[in-house]
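Novice: here you go, sequence then predicted model.
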Amino acid sequence: MLAKPKVRKEPVTADMLKAMVEAAGAAPSLTEVRLLAVCLVAFAGFMRCDELIRLRCEDITFNAEGMIINIVSSKTDQYREGSSLVIARTGGLTCPVGMMEKYFLMGELNHTPKACVFRGISVTKEGERLRKTGGLSYTRLRELLLQKITQLGYDPKAFGMHSLRAGGATAAANAGVPDRLFKRHGRWKSESAKDGYVKDSVERRLEEIGAMIGIGLDQLQFANNELD
């Protein structure tokens with residue numbers, strides 16, 4: 001019997017992230033801020049789920065320009081040399097740095113430097129509190145993400161935890177981020193490895209094809225519409 005072909009998940013988009021933040025409202029709960037921090041940082045940092053799970057509070061440093069995340073080990077780091085991930089502060093609604101700072105403040109993460117960043121939440125008489133030990137599993141993170149995606153009206157079967165990494169990589173690729181920076185930011189070892197995460201936009205594909213064959217984007221779009 002032939003194995004079923006692996007179906008690639010859809011990338012999360014910047015518009016989806018904006019909708020998540022807006023849905024949380026002006027006074028989001030700790031549970032909501034935790035998920036938003038996961039999504040925004042994973043998207044902006046092209047982060048794998050295992051990297052998120054292993055993050056310790058002491059691995060994150062904030063400064064005026066943004067934040068530096070110390071990735072102690074990752075899938076492609078065979079010798080456990082580690083790497084530093086830099087994420088810029090944008091100041092906007094979906095700023096990953098601002099949301100992570102908010103999560104640190106609400107969860108009082110500065111008091112537990114050795115603990116996991118993303119942990120379970122207990123409900124007490126005083127409200128929600130992060131648990132002092134342990135961390136969220138892949139299964140739990142995926143469950144929380146898909147619940148939110150479902151609430152926004154999307155098909156949860158089309159998405160997974162890799163959708164965040166793929167979404168950030170896709171947005172960067174379509175924005176024309178240089179390959180050298182792209183590869184380093186995503187912690188890819190080979191030039192081809194990143195291709196499995198990136199879904200080019202129609203505009204990007206038309207633009208590149210147009211450059212190769214010597215006609216403009218507007219002409220290609222017209223031709224594409226004529227074929228539909």
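Specialist: Noted; the coordinates are in hand. What you see is a predicted model; the values in this text were computed from it and never measured.

Novice: residue ranges in this protein under the pLDDT threshold?
Specialist: 1-7, 73-82, 180, 188-228 (pLDDT under 70).

Novice: could you redo the last one with a cut-off of 50?
Specialist: 77-79, 202-228 (pLDDT under 50).

Novice: strands of that one, residue ranges please.
Specialist: 60-62, 66-71, 83-88, 121-124, 127-130 (DSSP state E).

Novice: grab the nearest non-local neighbour of the residue nearest the centre of the chain.
Specialist: Closest residue to the average C-alpha location of the chain: F43 at 1.9 Å, with CA atoms, centre = their mean. Leaving aside its chain neighbours, F43 sits nearest to G168 (4.1 Å; criterion: CB to CB, 6 or more residues apart in numbering). Heads up, the C-betas are built off the backbone N, CA and C, glycines and all.

Novice: hang on, isn't the one you found packed against C39?
Specialist: No - counting by CB atoms under 8 Å, G168 stays clear of C39, with 10.0 Å between them.

Novice: quick revisit: of the strands of the chain, which is nearest H111?
Specialist: The closest of these to H111 is strand 127-130. By CB to CB, the value is 9.8 Å.

Novice: partners of that closest one in the sheet?
Specialist: Applying DSSP bridges, strand 127-130 is found paired with strand 121-124 (antiparallel).

Novice: buried sites along the strand it pairs with?
Specialist: I121 (16 or more other CB atoms under 10 Å).

Novice: name the residues that touch it?
Specialist: Applying CB atoms under 8 Å, 6 or more residues apart in numbering, the contact partners of strand 121-124 are 30-31, 34, 128-131.

Novice: residues in contact with the nearest residue to A14 once chain neighbours are set aside?
Specialist: Using CB to CB, 6+ apart and skipping residues adjacent in sequence, the residue nearest A14 is A171, 6.0 Å away. Listed by CB under 8 Å, 6+ apart, the contact set of A171 reads 13-14, 43.

Novice: now the buried members of the contacts of strand 121-124.
Specialist: Among the contacts of strand 121-124, those classed as buried by 16+ other CB under 10 Å are 30, 34, 128-130.

Novice: can you add distance to R8 and give those back as TSV?
Specialist: Compiled in TSV, those are given as follows (distance: CB to CB, whole Å):
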residue	distance to R8
L30	33
R34	27
E128	35
R129	38
L130	34
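
Novice: L35 touches R142, doesn't it?
Specialist: No - under the criterion of CB under 8 Å, L35 makes no contact with R142, lying 11.5 Å away.

Novice: neighbour count: those two, which is higher?
Specialist: The neighbour comparison of L35 against R142 (other CB atoms under 10 Å) goes to L35, with 22 against 18.

Novice: any idea how far the closest residue to the more buried one other than its chain neighbours lies from T61?
Specialist: Once flanking residues are discounted, L35 sits nearest to L144: 5.3 Å by CB to CB, 6+ apart. Separation of L144 from T61 (CB to CB, to the nearest Å) stands at 26 Å.

Novice: appreciated, that's everything.
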